[in-house]
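Undergrad: Turn this into a model:
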Amino acid sequence: MSEKKYVDFSTVRDLLQKANEDREEQSEPQKKAMEHAEWAASNNRGEKATTSAVFTQLFESLSDVECISENEVLRSKIAEIRPDSPQQIRVILAPHRIQISEGEIEQIITHVKQIT
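TA: Numbers count the residues shown, from 1 in each chain. Okay, the predicted model is just below:
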């Protein structure tokens, strides 16, 4: 079984563009996937364009936040969205029912501000 790797939307966009160069014609789902990746990696989504370097650095640095250190899904979501307020962090974590302290929230915000 292969190991999961979490990547940002700019990487997805680049991989799809490379794959599309080899195709004569795109299917409708392939076109939609490309449109979504282009939109998600742009400034149009939350006024924060995605870059692979920032995503990777933030994803790795979030491993020292205890409540999410083992949860790569949440670390990748936080690294992609780059929340800058306690409310945004709580919204991201709410569906997962993770208990987070004020100190951990501040730690996430500090990482986001330092890296972005």
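Undergrad: Setting the sequence-adjacent residues aside, check what's closest to A49.
TA: N43 (4.8 Å; Cβ to Cβ, 6 or more residues apart in numbering). The C-beta positions use only the backbone N, C-alpha and C, and glycine is treated the same way.
Undergrad: Might one say that the one you found is in contact with S10?
TA: No - under the criterion of Cβ atoms under 8 Å, N43 is not in contact with S10, lying 11.8 Å apart.
Undergrad: Between those two, point out the one with more neighbours.
TA: Using other Cβ atoms under 10 Å, the more surrounded residue of N43 and S10 is S10, with 21 against 9.
Undergrad: In terms of helices and strands, where is the more buried one?
TA: S10 belongs to helix 9-21 when assigned by DSSP states H and E.
Undergrad: That helix - what's its average pLDDT?
TA: Mean pLDDT, helix 9-21: 87.
Undergrad: and that helix, how far from the chain's centre?
TA: Chain-centre distance of helix 9-21: 16 Å, with Cα atoms, centre = their mean, to the nearest Å.
Undergrad: can I see the domain layout of the chain?
TA: The record assigns the chain these domain ranges, following automatic domain parsing: 1-50, 53-115.
Undergrad: which stretches of the chain have low pLDDT?
TA: Counting by pLDDT under 70, the chain has low-confidence residues at 1-2, 45-46.
Undergrad: how about the residue with the largest distance to the centre of it, secondary structure?
TA: Here the centre of the chain is the reference, and by Cα atoms, centre = their mean the most remote residue is E24, at 30.5 Å. Secondary structure state of E24, per DSSP: H, G, I helix; E, B strand; the rest coil, is coil.
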